[in-house]
Each structure stands twice: as structure tokens, then as C-alpha cells.
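K.L.:
Curious how this folds, go ahead:
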Amino acid sequence: MRGQARLLLLLLAAAGCSQKAPPRAQQTLTLWHTYNSEETTTLNRVLDRVRAEHPEWRVEVTVIPFARAQNEFRRAAQRCEPGAPDLFRAELPWLAEFVSKRLIRPVPPGLAPEGELLPQARQAARYRGQRWALPASLDCLALLYDRTRIKKPPATLAELVATARAATVDAAGRAATDPGFDPVRTARWGFYVRADAYWFLPFLWAEGGDLLDPESGKVFIDEPRAIAALELYRNLIRVHRVAPPRPSPSNDYEDMLKRFASGQLAMVVNGPWATSALLAEPSFKDRARLGVAPFPRGRAGGPPSPLSGHGLVVSSCARDPGAAWRLASYLASAEAQAEFARANSVHRALASVYERAEVRGSAFVTGFRAALDASRARAQHPAIARIFDDFTPAVQAVLLGDASAAEALGGVARAWRRLLGQSAPATRPAGSP
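P.N.:
Residues are numbered from 1 along each chain as shown. Purely as a prediction, here's the structure:
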């Protein structure tokens with residue numbers, strides 16, 4: 001009996017050893033992002049590789065429209081309700097507000113060394129001396145132009161106006177610079193004026209205007225240079241007649257892309273995120289037709305284009321912050337950034353990506369790199385993104401003829417001073433730009 005019992009135990013042990021270990025339970029990680037449709041296709045390829053390497057991760061992905069993303073994340077991270085994101089692709093200028101509201105976690109020490117980042121990305125991912133995001137891309141507004149219409153991109157705002165006038169033609173083929181030009185029957189415009197304050201920002205900075213000083217809370221948006229810049233922006237439509245009249249605040253971005261792709265526009269202002277959609281159009285089948293140049297400088301002389309970018313942040317209510325940061329590391333890695341650069345001409349945050357042959361050979365990546373070098377970051381302040389809530393409607397009112405530039409920007413300044421706790425107008429020190 002003892003021998004039989006011992007044999008039975010050995011057989012049971014052997015059977016137990018032959019069984020496979022039970023599979024590990026999947027861990028759900030929720031990712032929210034704001035990629036457009038072309039970029040989402042690239043993201044899905046990257047995520048396929050991540051899932052293959054980490055089958056224990058179940059990554060749930062939600063696309064949030066960019067215009068709503070900041071508010072949606074703020075609400076979700078404050079409430080920590082089911083479905084709130086563990087990981088969020090945020091615009092880097094949003095970090096100051098997220099930090100002030102304690103909505104995100106700092107980057108753990110030793111994760112993704114900062115020395116590999118471009119200086120602009122390294123600075124944009126920090127706030128109050130601490131890292132809050134893993135930068136995945138940088139972007140800025142640049143001048144996109146049709147090389148069949150524009151042989152040499154303008155380098156100054158005065159040249160922009162002249163070039164746009166020469167490229168604007170009526171149905172009879174007369175340019176805006178020719179006698180008898182009929183602006184009512186325009187067949188092609190030289191430029192497009194968006195009813196959006198972010199697109200006005202390069203004109204503001206080029207002409208020496210500014211937004212605010214985050215340290216002192218001083219507001220400069222109603223000063224003479226800012227007013228003159230908005231008048232110039234409006235006059236591209238109303239005086240120079242080089243841009244379509246009455247841009248629609250609801251769909252002017254789509255209208256701009258459609259007109260540019262159809263040959264109705266010679267120049268537009270846009271960022272690297274638009275490249276994929278434009279190159280998919282039949283008119284740009286010859287990729288060499290699409291030109292990219294830095295935004296023209298104005299009388300201020302300094303970099304006029306706004307610098308921005310996106311990075312991965314981990315929510316303060318993430319269920320497993322360590323796993324969320326590991327996923328962020330994959331999505332911000334050199335391999336992932338190179339994939340986006342190849343497929344979408346998106347400007348990357350890691351310096352090493354630009355040394356890769358497939359990235360270095362892209363005319364669009366190098367074109368936006370030059371534009372990036374002629375750009376500047378917005379001031380870091382918790383309210384810096386919210387200021388556009390008042391700014392954009394004011395720009396729209398001026399373009400639609402409902403207010404003068406002085407009236408509109410005066411209202412913006414009053415709203416900003418209330419937001420920043422300033423009770424009286426502030427002026428710049430003598431001799432400041």
C-alpha cells in the first residue's frame with residue numbers, strides 16, 4: 001500500500017508539472033489622444049508592436065477632438081471616474097494648468113533621459129523645475145506654399161503681402177496688382193486668413209506685439225503694436241483682397257485645406273500635422289509641389305511662429321502609474337517617433353531621430369525643422385491656454401467686421417486682467433520691444 005501511495009503521489013506530481021502555468025491576467029491601460037486620422041493609423045501600427053511585446057497589457061484607446069481635449073481631460077482627471085485615462089497625449093502648453101490643478105504625475109527619476117531631447121522639447125516638458133511629460137513631438141506654424149504658384153517664399157511680412165497680391169488672380173487672369181482686377185470674381189487667392197487667434201499669433205509677434213508676462217501678470221494685448229498687427233491681418237481680406245472674405249469660424253480650417261488642395265490658394269499657414277492629408281490629394285501627387293518655409297519675419301525681427309508640441313502625461317488617478325509610464329516610454333521612443341516622422345512628417349522631440357537616413361531625407365521634416373528654429377514658445381502659465389477662450393472670438397469679430405481691432409483687443413485685455421488679478425492696464429518699460 002505504501003508503494004502504491006508513493007507511486008500515486010509521483011504520478012500526480014508529474015501531471016502537475018506537465019500542466020502549463022495559468023496565463024497572466026491582462027491589465028487594462030486607458031489611452032486618450034488627439035491624433036488626426038492619418039496619425040491615428042501610425043499610432044495603431046505602433047500599438048500593435050507594443051501589444052505583441054506586452055500581451056499582458058490591454059490598451060484601450062479613445063480619440064478626443066483636439067478642441068475639446070483639454071477640458072475633457074481636466075474633467076476626467078478631477079473626477080477619476082471609470083473610463084478616465086491613465087495616459088493622455090497632451091499639448092505641452094497645457095502642462096502648467098494640469099500641474100496647478102494636480103491632475104498629472106511627475107515623470108519618475110531616470111525615465112527617458114532628458115539629454116536625448118531637443119532643447120525646445122526639454123524646456124517645454126518642464127514646469128517649476130520638474131518634468132511632467134515625455135515629449136513625443138514638436139510643432140510650429142509655418143508657411144506652406146504651392147511651388148507652381150510661388151517660386152520663392154516671402155521672408156518678411158511686406159514680402160508676404162506683395163507675393164500674395166501677385167498670386168491672387170480674377171476669372172480673367174488679372175492679378176491683384178494689375179489694373180482692372182475684379183475682386184468679386186477671384187479665381188485664386190494668394191493667402192488664407194483663418195478666424196483663429198492661434199493663426200493670428202505669428203502676425204502679432206512679427207509686428208512686435210505680445211500676449212502677457214506670466215511673472216508679473218501684465219497684459220500687452222491692447223497695446224498699439226498688437227492693434228496694428230490685427231489690423232494688418234484683417235486688411236489681407238478687406239484692403240489687399242488676397243484672401244477669401246468672411247472666413248467661417250466653424251469650418252475655416254477644413255475650407256482652407258480644401259481650397260489649397262484644389263489650387264484656389266497659393267499660400268497657407270499650417271503645421272506639420274497637415275502634411276499627410278495634403279500629400280494624399282491628387283494635386284500634390286508630385287510631392288515636390290508642396291513647399292515649407294519659416295513664417296515671414298516682421299519689424300520686430302525675432303522669431304514670430306508659435307512653438308508647441310505634444311507629450312505623454314500620466315493622470316493623477318492612473319490605476320497603475322508605473323505601467324502607464326512604461327507605455328508612455330514606448331509611445332515616445334525613438335522608434336515610435338521615427339515612425340511618425342516617416343509616415344506623417346511630424347517634427348520629433350528626440351535629436352537622434354533626425355540622424356536616421358529615412359527621416360533626414362524628408363524635405364518636409366527638414367522644412368519644418370527650419371521653421372522650428374524660427375519659432376518661440378508661449379509663456380508658461382496655468383491660464384495660458386484659457387486665454388484663447390477670449391482671444392479667438394475677438395479675432396473673429398474683427399475679421400467679420402463686427403468690431404474694430406482696438407475695441408476687440410481692449411475687451412480681451414479686460415478679460416485677461418480679470419483672469420490674472422490685474423485691475424489696471426500695464427505698459428511696457430521704455431525701450432522694450
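K.L.:
pretty sure Pro153 is touching Leu143, no?
P.N.:
Yes: contact criterion C-beta atoms under 8 Å: Pro153 and Leu143 qualify, at 5.7 Å. (C-beta placed from N, C-alpha, C; glycine too.)
K.L.:
Now list whatever residues contact both of those two.
P.N.:
Listed contacts common to Pro153 and Leu143 are Met267, Ala293, Pro296; contacts here mean C-beta atoms under 8 Å, 6 or more residues apart in numbering.
K.L.:
want to throw the residues you listed into CSV with distance to Glu207?
P.N.:
CSV is the format used below for the shared contacts of Pro153 and Leu143 (distance: C-beta to C-beta, whole Å):
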residue, distance to Glu207
Met267, 18
Ala293, 19
Pro296, 11
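K.L.:
Most neighbours among those residues, which one?
P.N.:
Neighbour counts for these were taken using other C-beta atoms under 10 Å; the highest belongs to Met267, which has 25 neighbours.
K.L.:
OK, contacts around His310?
P.N.:
With C-beta under 8 Å, 6+ apart as the criterion, the residues that contact His310 are Thr34, Arg89, Ala90, Glu91, Leu92, Pro135, Ala136, Ser137, Asp139.
K.L.:
ok, 10 Å please
P.N.:
33-35, 66, 88-92, 94, 124, 133, 135-139, 273, 332, 346, 349 (C-beta atoms under 10 Å, 6 or more residues apart in numbering).
K.L.:
give me the element Leu95 is part of.
P.N.:
Applying DSSP states H and E as the criterion places Leu95 in helix 95-100.
K.L.:
just checking, what packs against that helix?
P.N.:
Helix 95-100 makes packing contacts with helix 66-79, strand 87-91, strand 126-127, strand 305-314 when contacts are defined by 3 or more C-beta pairs under 10 Å, 6 or more residues apart in numbering; DSSP states H and E.
K.L.:
What sits closest to Pro245 if chain neighbours are left out?
P.N.:
Residue nearest to Pro245 in three dimensions, not counting chain neighbours: Ile237, with 5.6 Å by C-beta to C-beta, 6 or more residues apart in numbering.
K.L.:
Compute the number of surrounding residues for that neighbour.
P.N.:
21.
K.L.:
Show me what the helix or strand where it lies is packed up against.
P.N.:
The secondary structure element spanning Ile237 is helix 224-238 (assigned by DSSP H and E). Using 3+ C-beta pairs under 10 Å, 6+ apart as the contact criterion, the secondary-structure elements in contact with helix 224-238 are helix 157-167, helix 197-206, helix 388-399, helix 405-420.
K.L.:
Quick check: which of the ones you listed is nearest to Asp182?
P.N.:
Distances from Asp182 to each of those were compared using C-beta to C-beta; the shortest belongs to helix 157-167, at 14.2 Å.
K.L.:
Straight-line length of stretch 374-394, end to end?
P.N.:
The separation between the terminal residues of stretch 374-394, taken as C-alpha to C-alpha, to the nearest Å, is 27 Å.
K.L.:
how distant is that stretch from the center of its chain?
P.N.:
Relative to the mean C-alpha coordinate of its chain, stretch 374-394 is positioned 13 Å out (C-alpha atoms, centre = their mean, to the nearest Å).
K.L.:
Kindly report the same for stretch 332-349.
P.N.:
Distance of stretch 332-349 from the chain centroid (C-alpha atoms, centre = their mean) equals 14 Å.
K.L.:
With stretch 34-48 instead?
P.N.:
Once both centres are worked out by C-alpha atoms, centre = their mean, stretch 34-48 turns out to sit 16 Å from its chain's centre.
K.L.:
looking at the helices and strands packed on helix 95-100, which is closest to Leu327?
P.N.:
Relative to Leu327, the nearest member of the helices and strands packed on helix 95-100 by C-beta to C-beta is strand 87-91, separated by 5.8 Å.
K.L.:
ok and the closest one relative to strand 305-314, angle-wise?
P.N.:
In this structure, strand 87-91 runs at an angle of 170 degrees to strand 305-314, with axes from the mean of the first three to the mean of the last three C-alpha atoms, to 10 degrees as the basis.
K.L.:
Which secondary structure elements does strand 87-91 sit against?
P.N.:
strand 27-33, strand 57-63, helix 66-79, helix 95-100, strand 134-140, strand 305-314, helix 321-331.
K.L.:
Please enumerate residues in contact with the second one?
P.N.:
It stands for strand 57-63. For strand 57-63, the surrounding residues in contact (C-beta under 10 Å, 6+ apart) are 25-37, 40, 43-44, 47, 50-51, 69, 72, 76, 83, 85-88, 323, 326-327, 330-331.
K.L.:
and Ala328, how far is that from Pro113?
P.N.:
As for Ala328, its distance to Pro113 is 14 Å (criterion: C-beta to C-beta, to the nearest Å).
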